[in-house]
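Peer 1: Predicted model, plus sequence, below.
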Amino acid sequence: MKTLSKTVLALVTASVMATSAFAASDESPSDRIQSARGGVEALAVTLENMGADVDASVNLKGAYTVDQKVSLYNAKHAELQAEFDTLHAQAAE
């Protein structure tokens with residue numbers, strides 16, 4: 001019975017991982033941009049709730065490809081994440 005349970009658990013885990021991998025690879029270009037934008041917006045709201053003055057705008061001027069746009073959103077997210085880390089460290093003191 002233990003072997004059967006382990007086998008079923010392994011199959012379920014493998015199935016979930018495969019589904020996640022396929023879902024990520026099926027993401028459309030607009031989904032990728034929306035996902036990156038959503039991450040920036042969510043982090044900006046979190047920072048505002050922490051009392052920070054946040055500029056969540058991303059200048060897409062000159063970004064023509066999906067990868068360029070996603071890269072700009074990822075850079076803004078990294079900037080906001082650094083600000084979050086700083087505020088969180090200050091709050092922990």
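Peer 2: Cool, got the structure.

Peer 1: If I look at the residue nearest the centre of the chain, what pLDDT would I see?
Peer 2: Taking C-alpha atoms, centre = their mean, the centroid of the chain lies closest to Gly39, which sits 5.1 Å from it. For Gly39, the model assigns a pLDDT of 95.

Peer 1: Quick check: it vs Met50, distance?
Peer 2: 17 Å (C-beta to C-beta, to the nearest Å). C-betas here are computed from N, CA, C, even on glycine.

Peer 1: could you say what helices and strands the helix ranked longest in the chain packs with?
Peer 2: Ranked by residue count and defined by DSSP state H, the top helix of the chain is helix 66-92. Applying 3 or more C-beta pairs under 8 Å, 6 or more residues apart in numbering; DSSP states H and E, one finds that helix 66-92 makes contact with helix 29-49.

Peer 1: Using PDB, list the CA coordinates for the helix it packs on.
Peer 2: What follows is the C-alpha trace of helix 29-49 in PDB, where atoms were taken according to Å, rounded to 0.1, in the frame of the first residue of the first chain:
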ATOM      1  CA  PRO A  29       3.000  37.800 -25.900                       C
ATOM      2  CA  SER A  30       0.300  40.000 -24.500                       C
ATOM      3  CA  ASP A  31       0.000  37.700 -21.500                       C
ATOM      4  CA  ARG A  32       3.700  38.100 -20.800                       C
ATOM      5  CA  ILE A  33       3.400  41.800 -20.900                       C
ATOM      6  CA  GLN A  34       0.300  41.800 -18.700                       C
ATOM      7  CA  SER A  35       2.000  39.500 -16.200                       C
ATOM      8  CA  ALA A  36       5.000  41.700 -16.000                       C
ATOM      9  CA  ARG A  37       2.900  44.900 -15.700                       C
ATOM     10  CA  GLY A  38       0.700  43.200 -13.000                       C
ATOM     11  CA  GLY A  39       3.800  42.400 -11.000                       C
ATOM     12  CA  VAL A  40       4.900  46.000 -11.000                       C
ATOM     13  CA  GLU A  41       1.500  47.300 -10.200                       C
ATOM     14  CA  ALA A  42       1.000  44.800  -7.300                       C
ATOM     15  CA  LEU A  43       4.400  45.700  -5.800                       C
ATOM     16  CA  ALA A  44       3.600  49.400  -6.200                       C
ATOM     17  CA  VAL A  45       0.400  49.000  -4.300                       C
ATOM     18  CA  THR A  46       2.200  47.100  -1.500                       C
ATOM     19  CA  LEU A  47       4.700  49.900  -1.300                       C
ATOM     20  CA  GLU A  48       2.000  52.600  -1.200                       C
ATOM     21  CA  ASN A  49       0.300  50.600   1.600                       C
END
